[in-house]
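**Q** Provided below are the primary sequence and the corresponding predicted coordinates.
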Amino acid sequence: MAKNFTTREENYSQWYNDLVIKADLAENSAVRGCMVIKPYGYAIWEKMQQALDAMFKETGHVNAYFPIFIPKSFFSKEASHVEGFAKECAVVTHYRLKNDPNGQGVVVDPEAKLEEELIVRPTSETIIWDTYRNWIQSYRDLPILVNQWANVVRWEMRTRLFLRTAEFLWQEGHTAHATSDEALSEARQMLDVYATFAEKWMAVPVLKGVKSPNERFAGAVETFCIEALMQDGKALQAGTSHFLGQNFAKAFDVKFLSRENQLDYVWATSWGVSTRLMGALIMSHSDDHGLVLPPKLAPIQVAIVPIYKKIEQLAPISEKVDSLINALKAKGISVKYDTRDSYTPGWKFNEYEFKGVPVRVAIGPRDLENGTAEVARRDLLTKEIVPLEQLEEHIINLLEQIQTNLFERAKEYRELNTKTADTWEDFIVRLDEGGFVKAHWDGTPETEQKIKELTKATIRLIPLEPEQEEGKCILTGNPSPHRVVFARAY
RNA sequence: CGGGGUGUAGCGUAGUCCGGUUAGCGCGCCUGGUUUGGGACCAGGAGGUCGAUGGUUCGAAUCCAUUCACCCCGACCA
């Protein structure tokens, strides 16, 4: 275990913070609430981006880029949208500084006040739909399937590295369609893309569902989401996909002529995932020995540590290792052969363990004699001796096994921590145990709000295809057709 | 934004209540040597306007005021 590293048991949120900082993923910056993503953390984000971007393109989307600034007036055009974001916007009011006439330093030049203030985008629906108005006249212009990779700013009161920062990186897809059905199936498709990414790449099992009206995106008709369960029993919203109906088309006057020569408003979706996924990834798999990364997202998949007493002994090891490295690299596996002489093997073992490298190989004089290597896997912290000629195949299999095992382990944890409750008393007990609690709800925002006030738990989602089961609302006793999923959440 | 806490070298801290030599220690860092199969050892060395600003005082890390940042609990949060 790393020195001075808090365990999950001692203090989960301290553990998380320590992990992010000591594994060199990110750190706080000079700007309140804004983080610096360090190279190792950014490398993981880049792997996420690459995988997601490929999936977006496979489903017909293209990338574009819109301005970081949005005229203030745009926000007043969609009523619920402004209400959702108004309280957390950074506003640009001036465009120039000047030397302080009263002393040192610089001041904002009062003469350089903007005619109209600019909002640093908290999300881009408004600027994009204002732009789409000029792009769309006919059904032939549809659909528009655009994504952008960008940064956004939401002036949050309390921030935590990756989980909630004032500025964060994300992608936001904004699509325009001729029909409601088409837009709806787009929103559903992207939800599936997110779920696939979470499960196949991040090895994080997710529930798919619909948000209740209270939790719905500001301006959306329907919000779909994926929810993951963290090791402390709290839920984390990992991605959302919104069916926006004609709300933004109406707000920005985006109309098209249909095949039937009918003028109608355009149907919209938007969908996004952010660097918050980093938080989900970290919290899902990591342990008291540090970060644990799924092989598909690990910047370094295999670390090879040579062990030798004298520098002359390194050459024969390198000779054995070179062909392995080339073979693995040819298969697209990222390998780090760590020949740094300034650190001992033990130090390196701990380093790679803490940084979550899935597979570690050690080769020393003993192995050269026996024609073997020591192979350690990060997820189980086990080691085995493998003959050199089998090493390549062994590592390839091991990477797949680790990827699968992490997912299965996380899924088992989630299942163990998904419970049902039929009485209020039981509901409270289950919530305090942590995890998802399936319970009946009478479908009203008032009841949901009341439950939130009493328990701090929210409806994480309403299952997409809920199992029909007559029941009584956990709070009011009113009839309910099916259960919804509650949890305390990040 | 409300309540509580903390700011001393890159990191972790002692000293602060009760003002008084040159602010001490561990990790890390640099140099040299010996080491290297789970965070090596020895010797030497560098690094501090004690978060910032202002005040009280012969004298401030220490007392007072203001301010900034971070942490915890609330409120807030697609």
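**A** Everything's here; your move.
**Q** Could you give me the buried positions within the helix or strand A:Tyr42 falls within?
**A** A:Tyr42 belongs to helix A:39-58 when assigned by DSSP states H and E. For helix A:39-58, burial by neighbour count (16 or more other C-beta atoms under 10 Å) applies to A:Tyr40, A:Gly41, A:Tyr42, A:Ala43, A:Ile44, A:Trp45, A:Lys47, A:Met48, A:Ala51, A:Leu52, A:Met55, A:Phe56. Where C-beta positions appear, they are placed from N, C-alpha and C, glycine not excepted.
**Q** burial of A:Ala86, as a residue count?
**A** Close neighbours of A:Ala86, defined as other C-beta atoms under 10 Å, add up to 13.
**Q** I should have written A:Ser241 there, sorry.
**A** When counting by other C-beta under 10 Å, one arrives at 28 neighbours for A:Ser241.
**Q** before we move on, back to that, between the buried residues of helix A:39-58, which is closest to RNA strand B?
**A** Of all those, A:Tyr40 has the smallest distance to RNA strand B: 13.7 Å, by C-beta to the nearest atom of the strand.
**Q** Excluding chain neighbours, what is closest to the closest one?
**A** Leaving aside its sequence neighbours, A:Tyr40 sits nearest to A:Asp24 (C-beta to C-beta, 6 or more residues apart in numbering; 4.5 Å).
**Q** Around RNA strand B, which positions in the stretch 201-350 of chain A sit nearby?
**A** When proximity is defined by C-beta under 7 Å from any atom of the strand, the stretch 201-350 of chain A lies next to RNA strand B at A:211, A:215-218, A:223, A:237, A:240, A:272, A:274, A:289, A:307-311, A:341, A:344-347, A:349-350.
**Q** Each with direction, which strands does the helix or strand bottoming out on mean pLDDT in chain A pair with?
**A** Least confident helix or strand, chain A: strand A:106-108 with a mean of 80, by mean pLDDT, DSSP states H and E. Partners of strand A:106-108 in the sheet, by DSSP bridges, are strand A:97-99 (antiparallel).
**Q** where's the strand it pairs with relative to the chain centroid, distance-wise?
**A** A distance of 40 Å separates the centroid of the chain from that of strand A:97-99, by C-alpha atoms, centre = their mean, to the nearest Å.
**Q** List the buried residues of that strand.
**A** Within strand A:97-99, no residue is scored as buried using 16+ other C-beta under 10 Å.
**Q** Now do the same for the most centrally placed residue in chain A: helix, strand or coil?
**A** In chain A, the C-alpha nearest the mean C-alpha coordinate belongs to A:Leu277, at 1.6 Å (C-alpha atoms, centre = their mean). Recorded secondary structure, A:Leu277: helix (DSSP: H, G, I helix; E, B strand; the rest coil).
**Q** could you list every residue that touches it?
**A** By C-beta atoms under 8 Å, 6 or more residues apart in numbering, the residues touching A:Leu277 are A:Met48, A:Ala198, A:Met202, A:Ala238, A:Gly239.
**Q** Would you mind measuring from the closest residue to RNA strand B within the stretch 151-300 of chain A to A:Gly84?
**A** Per C-beta to the nearest atom of the strand, A:Met157 is where the stretch 151-300 of chain A lies closest to RNA strand B, at 3.4 Å. Noted for A:Met157: a distance of 16 Å to A:Gly84, by C-beta to C-beta, to the nearest Å.
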